[in-house]
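Peer 1: Okay, here's the prediction I keep looking at, along with the sequence it came from:
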Amino acid sequence: MAFSANDLAQVRFAVSPIWEVAPSFRLLTSNAPNPVHRPWIEQVRPRLLAAGLDRGWLAELIGPSNYVPDFLTPAPAGAAPAPADEWEAIAATAADRVRQDLDHLARHQGHLGPRLTSLHAAPATRLAKVVQEIETYWELALAPYWARIRTVLDADIFHRARTIAEHGTGHLFNDLHTSVSWNDNVLRLVRRKQDMPRDSAGAGLLLIPSAFTGPGLRTRMRPPDPPQLAYPARGAGALWETRPTTGAAALATVLGRSRTLLLTELGTPASTTALAHRTGLSPAGVSQYLTALRDAGLVSAHRVGRSVLYARTAAAETLLAAAST
């Protein structure tokens, strides 16, 4: 892909919730072992199966082929769009574009399943069901872990920005991934099956770090959007490692012993019942403490079927890290 000065001036990064949906869903529905994400898979897969998402719209859209319909990954409107904004962008996809992407998917897979056949026939009415399932998947699989994932993605972007400041954009590309090279104002993806001509997409380049993409890259080329390149984020390999909270005693003097205990237990998202079982606190007490922590912005709640999972927020992660130093 050739770059002009104007294209280089429009290179930007974005954190995108929707770009994590397809690769994470494929991990959950694949039988292939994945040691990096195994802790997350073991926690989330039972919830995915219980919700029947392995037999729904996403199961047909994100099949075994590498291709994912482009309408599932609209270009992020900003540096870090909210999930709801990305769902809205998918819902607003033109019917003709949905059909084009489904035709492309059919060529990859050999056919379309019954749901996608109905989506092809009536995108305007069926696309809302796809978006609804994406929202359900987000809440049970990614939202409870998003604070931790977002920390990794933000750290990657900070590292890349510093690389540009110290060494220039060319060094950034050559350091991005083993299959990416930059020379003579041309960006090359050495293992991509098809060329990436500039006239097949808009100006600039959108770089999207991903916790679940890997070991290869994912690309999207659809004008008038800029080319999108999702790459494995630095630090994703340590995403699910247990993090010691050595400063819990000091933090307990501020928050109280029970609230601090719950925060430390929420290294893994859990329900009120599970937290009561693990901590020995009464379910009523756990509920009361979680409400206080949620009001303080330290805990978030995510409905999964009939239960609610609680997770630490980014603010709680920062607080625990500060107490442990």
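Peer 2: Yep, it's here. The structure displayed is predicted, hence computed values, not measured ones.
Peer 1: ranges for the strands of the stretch 151-300 of the chain?
Peer 2: According to DSSP state E, counting those that start in this stretch, the stretch 151-300 of the chain carries its strands in the segments 180-183, 186-189, 205-210, 218-220, 228-232, 299-304.
Peer 1: where's residue 261 relative to residue 277, distance?
Peer 2: 13 Å (Cβ to Cβ, to the nearest Å). All C-beta spots, glycine's among them, are computed from the backbone N, C-alpha and C.
Peer 1: neighbour count winner among the two?
Peer 2: residue 261 (20 against 13; other Cβ atoms under 10 Å).
Peer 1: from what I can see the more buried one touches residue 280, true?
Peer 2: No: taking Cβ atoms under 8 Å as the definition, residue 261 is not a contact partner of residue 280, at 9.1 Å.
Peer 1: quick one: which of the strands of the stretch 151-300 of the chain has the weakest pLDDT on average?
Peer 2: Per-stretch mean pLDDT for the strands of the stretch 151-300 of the chain is lowest at strand 186-189 (a mean of 77).
Peer 1: Name the residues of it that are buried.
Peer 2: Within strand 186-189, the residues scored as buried using 16 or more other Cβ atoms under 10 Å are 187, 189.
Peer 1: Determine the number of other residues adjacent to residue 53.
Peer 2: Residue 53 sits with 21 neighbouring residues when counted by other Cβ under 10 Å.
Peer 1: confidence score at it?
Peer 2: As predicted, residue 53 sits at a pLDDT of 95.
Peer 1: now swap in residue 45 and tell me
Peer 2: 95.
Peer 1: separation between it and residue 54?
Peer 2: According to Cβ to Cβ, residue 45 and residue 54 sit 9 Å apart.
Peer 1: Quick check: neighbours shared by those two?
Peer 2: Common contacts of residue 45 and residue 54, defined by Cβ atoms under 8 Å, 6 or more residues apart in numbering, comprise residue 28.
Peer 1: Hmm, residue 56 and residue 29 touching each other?
Peer 2: No: Residue 29 lies out of contact with residue 56 (Cβ under 8 Å); the separation is 10.7 Å.
Peer 1: Where does the prediction get shaky in the stretch 51-200 of the chain?
Peer 2: For the stretch 51-200 of the chain, the stretches flagged by pLDDT under 70 are 191-200.
Peer 1: Would you state the helices of it in chain order?
Peer 2: Ranges of helices in the stretch 51-200 of the chain, per DSSP state H, counting those that start in this stretch, are 57-61, 83-91, 95-109, 114-121, 123-137, 146-167, 169-176.
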